[in-house]
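Chemist: The amino acid sequence is not available; the structure is as follows:
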């Protein structure tokens, strides 16, 4: 998680027993889209002894959950951050 903290587009919030990782992708205007949608990927997990058990992985648009991430999407994202 320390690797994520060093990245400007990630927010990591930890409590005693929970971790929330929020990824802020480029805004649509930055990606050459005309429509302004504030999008984030939010991963919530519970701390176990030596790992974090993921309980929720969703895509949020304009403050509203619009989609649960599939296992394959989550796996791809985890592979990416492990390779950082």
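Modeler: Received it, and whenever you're ready, just let me know what you need. In this text, all values refer to a predicted model and were calculated from it rather than measured experimentally.

Chemist: Return the list of helices and strands in contact with the helix ranked longest in the chain.
Modeler: Looking across the chain with DSSP state H, the single longest helix is helix 71-82. Judged by 3 or more Cβ pairs under 8 Å, 6 or more residues apart in numbering; DSSP states H and E, helix 71-82 is in contact with strand 39-47, strand 52-61. For glycine as for every other residue, the C-beta is placed from the backbone atoms N, C-alpha and C.

Chemist: how about the ones you listed in a markdown table, adding mean pLDDT?
Modeler: As requested, these are exported to a markdown table (pLDDT from 0 to 100):
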| stretch | mean pLDDT |
| --- | --- |
| strand 39-47 | 93 |
| strand 52-61 | 93 |
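
Chemist: and those strands as CSV, adding mean neighbour count and distance to residue 77?
Modeler: Listed next are the helices and strands packed on helix 71-82 as CSV, based on neighbours: other Cβ atoms under 10 Å; distance: least, Cβ to Cβ, whole Å:
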stretch, mean neighbour count, distance to residue 77
strand 39-47, 16, 7
strand 52-61, 14, 8
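
Chemist: How far does the lowest-mean-pLDDT helix or strand in the chain sit from its chain's centre?
Modeler: Ranked by mean pLDDT, DSSP states H and E, the weakest helix or strand in the chain is helix 2-5, scoring a mean of 78. Averaging C-alpha positions (Cα atoms, centre = their mean, to the nearest Å) puts helix 2-5 12 Å from its chain's average.

Chemist: where does this protein have low pLDDT?
Modeler: 1, 27-35 (pLDDT under 70).

Chemist: what's the spacing between residue 2 and residue 11?
Modeler: Distance, residue 2 to residue 11, by Cβ to Cβ, to the nearest Å: 14 Å.

Chemist: same deal with residue 21?
Modeler: 7 Å.

Chemist: The two: which is more packed in?
Modeler: Neighbour count, other Cβ atoms under 10 Å: between residue 21 and residue 11, residue 21 has more, with 22 against 15.
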